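Student: have a look at this prediction, sequence included:
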Amino acid sequence: MLSGDKMRKDEEDIEVNRRSTDKVFFESTLLQRLSDGIDYLRDESREILKEIDIKGIDEEDIEEFSENTINQISDIVDEMSQMKSELIDDDDIPDSIRKTSINAKRALNRDADYVKRAQRRLDKLNRDDELAYTKLNIRAIELCDKAIEVNSDNPRAYYIKAQALLNMGKYDDAIDEAINSLRADNDFIDARILIADANRLNQDYHDAFDVYDDVLERDDTSFGALLGKALTYCDLEDSVKADEYFKKASELEDLDDENQKIWDEIRPDSA
């Protein structure tokens, strides 16, 4: 069971609204033309690679090439959208027009598009460039706020916003947004793990263990919860327990380089 203010939840689950189509429609004619161009390039790049018919180019290569093309042009669209937001003061837009716009976006499931764009910002994060790292997290939060304005029941919008806040060291705010994600989808395991991670990073180790254990009661094969417990034991300098949970986690998935290095350093036989 989860306890305390760190893990509040509604008694009733809220049904998650799902996107009915992947096609995105824009109010702006210019942005719609750009969107249509992205669709065209996606389809054309797939056909071109198929026609080349070079050995070694398989369906995954084609998919990756298409996805990269879409993402690059989508980044341009996002930058234009951000520029528009900077030029236009929302306070100057009449409430009636704003409401009509939000209703149209909701009908077209535009919140899912905002969430995708926010996720792409987080996928581009690089700790080596602190300024860019901060800007990308802030932009992801802005896009998630747009998604939430369109659809306040989108769990991933709150979750990705929580991720960005966690990256910026705003642990309490990250927990609040992850709890909002659970209100939208009580079965969203990743949101629970994020709450535990935020507690761990904030050195609230008791709360972290409570939430990790709650996750493992729901899914005893949760890689994120097992790894989280390992890292928490590392912080508490309990190398024996940390080693135990690193082993359990590594049996499910390969550890990334950073966590593998941590494990190697605390293994009993590493001395």
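Tutor: Arrived safely, thanks for sending. Residues are numbered from 1 along each chain as shown.
Student: how many neighbours does residue 124 have?
Tutor: Neighbourhood size, residue 124 [other C-beta atoms under 10 Å]: 14. From N, CA and C alone the C-beta is placed, and that goes for glycine too.
Student: isn't it right up against residue 136?
Tutor: Yes. Using C-beta atoms under 8 Å, residue 124 makes contact with residue 136 at a distance of 5.9 Å.
Student: and residue 212, what is it in contact with?
Tutor: 193, 196, 225, 228-229, 232 (C-beta atoms under 8 Å, 6 or more residues apart in numbering).
Student: ranking the residues you listed by neighbours, who comes first?
Tutor: residue 196 (29 neighbours).
Student: how near is it to residue 148?
Tutor: Distance of residue 196 to residue 148, given as C-beta to C-beta, to the nearest Å: 23 Å.
Student: try residue 154
Tutor: Relative to residue 148, and taking C-beta to C-beta, residue 154 is found at 7 Å.
Student: more crowded one of those two?
Tutor: Between residue 154 and residue 148, counted using other C-beta under 10 Å, residue 154 has the larger neighbour count: 25 against 20.
Student: residue 116 is in contact with that one, correct?
Tutor: No. In this structure, residue 154 is not within contact of residue 116 by C-beta under 8 Å, at 11.5 Å.
Student: now the common contact residues for these two.
Tutor: By C-beta under 8 Å, 6+ apart, no residue touches both residue 154 and residue 116.
Student: thought residue 146 was touching residue 113?
Tutor: No. Here residue 146 lies out of contact with residue 113, judged by C-beta under 8 Å, at a distance of 9.3 Å.
Student: these two - which one has more neighbours?
Tutor: residue 113 (24 against 21).
Student: phi and psi next, for the more buried one.
Tutor: Main-chain torsions, residue 113, degrees, to the nearest 10: phi -70, psi -40.
Student: how much space between it and residue 120?
Tutor: In terms of C-beta to C-beta, residue 113 sits 11 Å off from residue 120.
Student: go on, residue 160?
Tutor: Counting by C-beta to C-beta, the gap from residue 160 to residue 120 is 10 Å.
Student: ok, those two, which is more surrounded?
Tutor: Legend: neighbour count by other C-beta under 10 Å for residue 160 and residue 120, higher for residue 160 (26 against 18).
Student: show the pLDDT at that one.
Tutor: Reported pLDDT at residue 160 in the predicted model: 97.
Student: do residue 125 as well
Tutor: The model's pLDDT for residue 125 equals 85.
Student: residue 12 now?
Tutor: What the model reports as pLDDT for residue 12 is 40.
Student: one more: residue 92?
Tutor: For residue 92, the pLDDT comes out at 51.
Student: equivalent analysis for residue 31, please.
Tutor: At residue 31, pLDDT is 63.
Student: swap in the one 5 residues further on?
Tutor: Looking at residue 36, its pLDDT reads 70.
Student: use 43 as the first number for this chain going forward.
Tutor: Done: numbering now begins at 43, and the last item shifts to residue 78.
Student: which element is it on?
Tutor: Using DSSP states H and E, residue 78 maps to helix 71-94.
Student: which residues touch residue 188?
Tutor: 153, 156.
Student: check which helix or strand it maps to.
Tutor: Counting by DSSP H and E, residue 188 is found in helix 172-192.
Student: that helix: which residues count as buried?
Tutor: Using 16 or more other C-beta atoms under 10 Å as the test for burial, helix 172-192 gives 175, 178-179, 181-186, 188-192.
Student: for stretch 248-263, same thing?
Tutor: 249-254, 256-258.
Student: worst-scoring helix or strand of the chain, pLDDT-wise?
Tutor: helix 137-149 (a mean of 50; mean pLDDT, DSSP states H and E).
Student: low pLDDT regions in the stretch 93-242 of the chain?
Tutor: For the stretch 93-242 of the chain, the stretches with pLDDT under 70 are 93-151.
Student: and the helices in it?
Tutor: For the stretch 93-242 of the chain, the helices defined by DSSP state H, counting those that start in this stretch cover 101-129, 137-149, 152-165, 172-192, 197-209, 213-226, 231-243.
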